[in-house]
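Chemist: can you look at this prediction? I've put the sequence above it.
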Amino acid sequence: MAVHEDLSQVRNIGIMAHIDAGKTTTTERILYYTGRSHKLGEVHDGNAVMDWMEQEQERGITISSAATTCFWRQAKINIIDTPGHVDFTVEVERCLRVLDGVVAVFCAVGGVEPQSETVWRQADKYHIPRIAFINKMDRVGANFNRCLKMIGEKLGANPVAVQLPVGCESSFDGVIDLIEGKMLHFDEITLGQEVKELEIPENYKQEFTAAHTELLEKLADFDEEIMGKYLEGNPVSPDEIYSALRKATLSLDLVPVLCGSAFKNKGVQPLLDSVIRYLPSPVDIPPVQGVDEQGQLISRAAREDAPFCGLVFKLMSDSFVENLAYIRIYSGLLKVGDKVFNPIKKKQEKISKLLKLHANKREEVKEIACGDIGAVIGLKFTTTGDTLCASADYIVLDQMEFPEPVIGIAIEAKSKGDEKKLAESLQKLALEDPSFAISTNEDTGQTIISGMGELHLEIIIDRLLNEFKASANVGKPQVAYKETIGATAEAEGKFDQQTGAKGQYGHVILQVEPLSRGAGFVFECKVNEEQIPKIYLQAIEKGIVDSLDAGPLIGYPLTDMKVSVIGGSYHDDDSTEMAFGISASMAIRRAVAEAKPVLLEPVMSVEVVTPEQYLGDVISDLNSKRAKIGVVESQRDLQVVHAQAPLAELFGYSTSLRSATQGRASFTMRFFEYDGVPSAKAEIIVNKFRGI
């Protein structure tokens, strides 16, 4: 971006949707019509520009969000194409954190699907204005009005149609623009590049009038001028409608809904026009907020003359450079040669190389300006979610929260010589992906890698073996259990060691009590300073926290419990922080062992979409997997089963579901909560773990 470029002409948008709704195909068409690509890439042919990873091309899905820049009608659009699969929700989360607007793509047949709901809620969390594109209008079963209704009912949004489809399924022929009062026809010979404005067909005039009136009625709720004109029966000009619709979209009151078929090259140019008309530029969003050294709220406006401030939202390992950091610049300018400050790591970083990205192709630039998205090469200390600011400044922007992994797998190097390479490759992947964790099982010495689902781990292993060329043996997926307690208990820990002139003395009595699911760990001190001075409390808490890493049943982390210091003593000369840390560790282990320890397992929220004739088989199969069946709802000739089932029972579920329904059912699952394992089942797991 050139300095002094008009910020009001910049759009930072994401394309998000359920898997297979057509996000990547829509993005490919956008790149083609804006002149960024000179030929159409197709997901099913494995040559989509935005799905550049080998694993994406093989599976025909998006795994890693790809960034690109294109230009349309004097405006610059930075686009991030995000994954749709639930295992890669973190990819969506971190991209939404830095985007100003979103195009939500829905399948005209499936409507609002499970992952559409997840990404919509994520966008709600960051208060991001959205427009909706109902794609695949050419498919059998396409229903525009049904999708419009579902967006309102399932997502709690206020959708308003700004287009109507002309025909549907195989007869889908174009769209009617409800604001301009024209039919748009996309010429198939020029691959949709030529858009003809035609008169509205006679048989659609009544439908157009009804939809146009509904659009004005919805806008009248948010715009007094339109309300006045509407009530008086005066005409409202297209410019007035555009202006009111933009305001209502930016304030999250309305979601403009368009339609088309990206694969058939229909409806993409009006979508681009809508991105510019309705979605915000960096100057339309409130100044970004953060905290200073004292924890006071401060903000940075999107101005080039403001102090530099940016957020690193993604790291990528690369075979050509040590690491690539994606950054969104909120204020000021970032130039090659600048020294910037990372307030979270309290380190200075030097900017040696800046890039603009187009999927996996790069273009070196001298600077990245305010409101823009780019990449920095060679940051030494910065990780995902860190703020970078001017070296004389201090601001920490909201950090991102990432869910805990729920599934693990053991991995080991094939030979002694491969160990270093495997460890380095794993560290690179962990830096890149905050939802991927590496740990060591203390009892077996095995390295365990953990992720968000079977596909997530499958992709990571694929990348380890093929991209990083690490030789490794991989075990079977394991559930990431947790442990908690089922009763209140007390225990004493005393560490008294006399060595030479100076001794070591620490003595605590702890009480543990169970908390509700998801409450985590709470520490409280109920003794006065005469019993245990305050200076030792931090050491006591640290001793407890360190011991919670491994529970008494099978060594998984302990959670959902409160630990209180209810007694103890100290010695004026011999007491040390180390002694209190050791005594707290001894006490907590004894207390937990007596507090009826309980095994917790991750429970997944499962949604199965099946033809009606297989409903009985699907429910019976789920019941055999310890599932709790919730609501069963009808969608046309399909049944949607909502259930919660333990992750341990869902390994290989896609295979068993396929065989039970002759491959006609599909399912999605996401983490729901941790819950207690039934005692008989827990006993089997514990005995198996202990080799009994």
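Modeler: Perfect, thanks for sending it.
Chemist: from start to finish, how long is stretch 285-303 in a straight line?
Modeler: 12 Å (Cα to Cα, to the nearest Å).
Chemist: tell me the mean pLDDT over that stretch?
Modeler: In this model, stretch 285-303 has a mean pLDDT of 87.
Chemist: can you list contacts of that stretch?
Modeler: Stretch 285-303 is contacted by residues 7, 100, 282-283, 306-307, 309, 330-332, 343, 370-371, 387, 394-398 when judged by Cβ atoms under 8 Å, 6 or more residues apart in numbering. C-beta coordinates here come from the backbone N, C-alpha and C atoms, glycine included.
Chemist: show me what counts as buried in that stretch.
Modeler: Buried residues in stretch 285-303, counted by 16 or more other Cβ atoms under 10 Å: 285, 288, 290-291, 298, 300, 302-303.
Chemist: just say helix, strand or coil for residue 189.
Modeler: Of the three states, residue 189 takes coil under DSSP: H, G, I helix; E, B strand; the rest coil.
Chemist: for it, give its distance to residue 30.
Modeler: Distance from residue 189 to residue 30, counting by Cβ to Cβ, to the nearest Å: 21 Å.
Chemist: how about the strands in the stretch 51-200 of the chain?
Modeler: With strands called from DSSP state E, counting those that start in this stretch, the stretch 51-200 of the chain shows them at 66-72, 75-81, 101-107, 130-135, 159-161, 163-166, 174-177, 182-186, 195-198.
Chemist: rewinding a little: higher neighbour count, residue 189 and residue 30?
Modeler: residue 30 (27 against 7; other Cβ atoms under 10 Å).
Chemist: contact partners for the more buried one?
Modeler: Contacts of residue 30 (Cβ under 8 Å, 6+ apart): 36, 70, 77, 79, 268, 271-272.
Chemist: any idea which element it lies in?
Modeler: helix 23-33 (DSSP states H and E).
Chemist: just the buried positions in that helix, please.
Modeler: For helix 23-33, by 16+ other Cβ under 10 Å, it's 23-33.
Chemist: who's in contact with stretch 634-644?
Modeler: With Cβ under 8 Å, 6+ apart as the criterion, stretch 634-644 contacts 111, 141, 603-612, 615, 618-619, 622, 627-633, 672.
Chemist: please read the previous query as pertaining to stretch 607-614.
Modeler: Taking Cβ under 8 Å, 6+ apart as the rule, stretch 607-614 contacts 114, 618, 622, 635, 637-643, 657, 660-662, 664-669.
Chemist: pretty sure residue 266 contacts residue 174?
Modeler: Yes - at 6.6 Å, residue 266 and residue 174 qualify as touching, with contact defined as Cβ atoms under 8 Å.
Chemist: so those two - more neighbours on which side?
Modeler: A side-by-side neighbour count of residue 266 and residue 174, using other Cβ under 10 Å, places residue 266 first with 28 against 21.
Chemist: state the distance from residue 13 to residue 273.
Modeler: 13 Å.
Chemist: so those two - more neighbours on which side?
Modeler: residue 13 (22 against 16).
Chemist: let me see the contact set for the more buried one.
Modeler: So residue 13 contacts 77-80, 99-103, 275, 279 (Cβ under 8 Å, 6+ apart).
Chemist: now do the helices in the stretch 401-550 of the chain.
Modeler: 419-432, 454-466, 537-547 (DSSP state H, counting those that start in this stretch).
Chemist: give me the buried positions along the helix or strand just after the last one.
Modeler: Counting by DSSP H and E, the element after helix 537-547 in chain order, helix or strand, is strand 561-569. In terms of neighbour count (16+ other Cβ under 10 Å), strand 561-569 has its buried residues at 561-565, 567-568.
Chemist: just put these in CSV and tack on distance to residue 535 and pLDDT.
Modeler: Listed next are the buried residues of strand 561-569 as CSV, based on distance: Cβ to Cβ, whole Å; pLDDT from 0 to 100:
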residue, distance to residue 535, pLDDT
561, 25, 94
562, 23, 94
563, 19, 95
564, 19, 94
565, 14, 93
567, 18, 91
568, 13, 91
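Chemist: let me know the closest of those residues to residue 411.
Modeler: Using Cβ to Cβ, residue 561 is the member of those that lies nearest residue 411, at 30.9 Å.
Chemist: report the separation between that closest one and residue 482.
Modeler: For residue 561 relative to residue 482 (Cβ to Cβ), the value is 11 Å.
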